[in-house]
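Chemist: Let's see this in three dimensions:
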Amino acid sequence: MKKLFTFILAVLLTATTFAQAPEKMSYQAVIRDGAGALVTNQVVGMQISILQTTATGTVVYKENQTPTTNVNGLVTLEIGTGTVLSGNFTTIDWSSGPSFIKTETDPTGGTSYTIAGTSQLLSVPYALQAKKAENGISTAQANEIAANTLKVGYTDALVSDNDHVVANTLKVGYTDALVSANDHVVANTAKVGAITGTATGQMQYWNGTAWVIVAVGTTGQRLTNLNGVPIWIDNDTNIDPTSGLMWQDITSATGKIWMDRNLGASQVATSSNDADAYGDLYQWGRAADGHESRTSSTTATLATSDTPGHGDFITNSSLADWRSSQNDNLWQGVSGTNNPCPSGYRLPTEVEWENELTSWDSNNSAGAFASPLKLPVAGYRFYSSGSLYNLGSIGYYWSSTVSGTYSKYLYFSSNAGISSLNRAHGFSVRCLKD
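Modeler: As a prediction, the model looks like this:
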């Protein structure tokens, strides 16, 4: 009587730690006869096929083997190591849809297969797919990455807004070092976007719209930042971080230490009438609020406090001050209210101006300029109109000393002396180190 055989199968794919995925797949089946008895210790013939898409789909690989069952009727084999009938196991594309395994068995060990069964591989053989895809990408994806045809890392906005993204013809972001270290980067021989230097030691800074060259300093100078602009200055040069004023300290014949220029001046006077050394004109007792500029607007409204809250020059045709009620305590010392001098400096007193005047070679504007202070004839601003007078002919310099409703000041022209005047006038200020 012809026997009928059945089998139970299992497809096993064991993950390993090998660098390369195996080119085979483990397979086990239990062979039973028609009565359910195990077929043990017997050579059986088996044909294995891998189909894709459906259970009756295209056969992409076929092989046969003749394994031997064990005492439990179990056969164990490795698909991919048998006699190949068609296809190539190593080139199966496991990602192209469902895969099925069809097994046909001849219990007598031949090729007259009487038992057949087909099962879907419900999980893709991941190790084999990883081997196929190498780093988890398909060949098509790898080609796209090489050419970056998918514009990986670029948004649509970046690509559409920048004509140079694809080829980077402007060599954006490349330094000479990067170019020389990378054989795949074409050198920016045209030096596109680079400013050409003209002297050793030059540097560049960004001014908000373009790169600007910083002039070369001299030996012993230090680099500092003034209002966002890098500059070289001498080691003994001071900078007021609030106003940006730069100066050096000088010692006069009286032994006092002074600033070498007027407040607001861009340089030390090169002559008695050097306009760049005139500086600003302050109303006595006011802080540096903008009114000191020689071109500031004017207003006839008197201030009611020590801080007017604006930068206008306050004109006054009747009172002696820019305040509606005077305050004699302004400008008194380093910590005095509204002291316009940099930290650590103050206005000189009447006595200190008198001592300087006594030390001059001549009691006039020539003596003022010949002194270590190099005082220029900077003129003044009239209290009742805000107009400028006596520029280049007379110098007027405030002291901190109060005299009744007026305040004391130094003057010099054809002669020199100490006097007092309306506090609403705009006079020069030279600061003394405390």
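Chemist: mind showing which ranges of this structure have poor pLDDT?
Modeler: Low-confidence segments of the chain (pLDDT under 70): 1-22, 34, 123-195.
Chemist: Go ahead and flag the most central residue of it.
Modeler: Centroid-nearest residue in the chain, with Cα atoms, centre = their mean: residue 206, separated by 12.5 Å.
Chemist: Give me the phi and psi for the residue nearest to that one when sequence neighbours are not counted.
Modeler: The spatially closest residue to residue 206, leaving aside those adjacent along the chain, is residue 212, at 7.7 Å (Cβ to Cβ, 6 or more residues apart in numbering). (Glycine included, C-beta is placed from N, CA and C.) Backbone torsions of residue 212, given as degrees, to the nearest 10, read phi -120, psi 140.
Chemist: Would you confirm that residue 212 contacts residue 203?
Modeler: No. Residue 212 is not in contact with residue 203 according to Cβ atoms under 8 Å; the separation is 9.7 Å.
Chemist: What are the structural domain limits within this structure?
Modeler: Using automatic domain parsing, the domain parsing of the chain gives 5-133, 151-191, 203-235, 249-433.
Chemist: Can you lay out those as TSV showing distance to residue 243?
Modeler: Shown next, in TSV, are those (distance: least, Cβ to Cβ, whole Å):
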stretch	distance to residue 243
domain 5-133	68
domain 151-191	38
domain 203-235	10
domain 249-433	7
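Chemist: for those domains, which one ends up most surrounded?
Modeler: Most buried of the domains of the chain, by mean neighbour count (mean count of other Cβ atoms under 10 Å): domain 249-433, with a mean of 19.
Chemist: Just the terminal-to-terminal distance for that one.
Modeler: For domain 249-433, the first-to-last residue distance is 8 Å (Cα to Cα, to the nearest Å).
Chemist: Just checking the distance from it to the centre of its chain.
Modeler: Computed by Cα atoms, centre = their mean, to the nearest Å, the chain-centroid distance of domain 249-433 equals 44 Å.
Chemist: Residue 353 falls within a strand, correct?
Modeler: No. Per DSSP: H, G, I helix; E, B strand; the rest coil, residue 353 lies outside any strand segment and is helix.
Chemist: doesn't residue 398 make contact with it?
Modeler: No. If you go by Cβ under 8 Å, residue 353 and residue 398 don't touch, sitting 9.4 Å apart.
Chemist: where do the contact lists of the two overlap?
Modeler: Shared between the contact lists of residue 353 and residue 398 (criterion: Cβ atoms under 8 Å, 6 or more residues apart in numbering) are residues residue 408.
Chemist: Could you pull up the contacting residues of residue 256?
Modeler: 348, 352, 355, 356, 432, 433.
Chemist: Residue 398 pairs with what?
Modeler: Beta-bridge pairing of residue 398 under DSSP bridges involves residue 409.
Chemist: thinking it is in contact with residue 284, fair?
Modeler: Yes. In this structure, residue 398 is within contact of residue 284 by Cβ under 8 Å, at 5.6 Å.
Chemist: which residues does the residue nearest to residue 206 bridge with?
Modeler: Going by DSSP bridges, residue 212 forms beta bridges with residue 205.
Chemist: Mind listing the shared neighbours of residue 398 and residue 284?
Modeler: 331, 407, 427.
Chemist: Surely the second one is in contact with residue 418?
Modeler: No. Using Cβ under 8 Å, residue 407 is not in contact with residue 418; the gap is 11.1 Å.
Chemist: which residues do those two both contact?
Modeler: Joint contacts of residue 407 and residue 418 (Cβ under 8 Å, 6+ apart) are residue 399.
Chemist: Figure out the helix or strand that residue 357 lives in.
Modeler: For residue 357, the enclosing helix or strand under DSSP states H and E is helix 350-359.
Chemist: Now do that helix: which elements does it pack against?
Modeler: Other helices and strands packing on helix 350-359, by 3 or more Cβ pairs under 8 Å, 6 or more residues apart in numbering; DSSP states H and E, are strand 395-403, strand 406-412, strand 416-421.
Chemist: Show me what the second one is packed against.
Modeler: Helices and strands touching strand 406-412, by 3+ Cβ pairs under 8 Å, 6+ apart, are helix 350-359, helix 365-370, strand 395-403, strand 416-421.
Chemist: which residues does the nearest residue to residue 197 once chain neighbours are set aside contact?
Modeler: By the measure of Cβ to Cβ, 6+ apart, the closest residue to residue 197 outside its immediate chain neighbours is residue 213, 6.8 Å from it. Contacts for residue 213 were tallied using Cβ under 8 Å, 6+ apart; they are 195, 197, 198, 202, 203, 204.
Chemist: Pick out whichever of these sits closest to residue 238.
Modeler: residue 203 (23.0 Å; Cβ to Cβ).
Chemist: Would you list the phi and psi of the residue lying closest to that closest one once chain neighbours are set aside?
Modeler: Closest residue in space to residue 203, ignoring its immediate chain neighbours: residue 214 at 4.5 Å, by Cβ to Cβ, 6+ apart. Residue 214 adopts backbone torsions of phi -90, psi 130, taken as degrees, to the nearest 10.
Chemist: check contacts around residue 214.
Modeler: Residue 214 touches 202, 203, 204, 205, 230, 231, 232, counting by Cβ under 8 Å, 6+ apart.
Chemist: can you map out the strands along the stretch 1-150 of the chain?
Modeler: For the stretch 1-150 of the chain, the strands defined by DSSP state E, counting those that start in this stretch occupy 5-12, 25-33, 45-52, 58-65, 74-79, 83-87, 99-106, 115-121.
Chemist: What backbone torsions are found at the nearest residue to residue 424 once chain neighbours are set aside?
Modeler: Among residues not flanking residue 424 along the chain, residue 383 sits closest, at 3.7 Å (Cβ to Cβ, 6+ apart). Torsion angles at residue 383 (phi, psi; degrees, to the nearest 10) stand at phi -70, psi -30.
Chemist: Repeat that for the one 4 residues further on.
Modeler: Summarising the backbone geometry of residue 387 under the convention degrees, to the nearest 10, its torsions are phi -80, psi 150.
Chemist: ditto for residue 53
Modeler: With angles defined as degrees, to the nearest 10, residue 53 sits at phi 80, psi -60.
Chemist: The spatially closest residue to it that is not a sequence neighbour and residue 56, how far apart?
Modeler: The shortest distance from residue 53 to any non-neighbouring residue, by Cβ to Cβ, 6+ apart, is to residue 97 (5.0 Å). Distance of residue 97 to residue 56, computed by Cβ to Cβ, to the nearest Å: 14 Å.
Chemist: what's the offset of stretch 230-249 from the middle of its chain?
Modeler: The answer for stretch 230-249 is 27 Å, by Cα atoms, centre = their mean.
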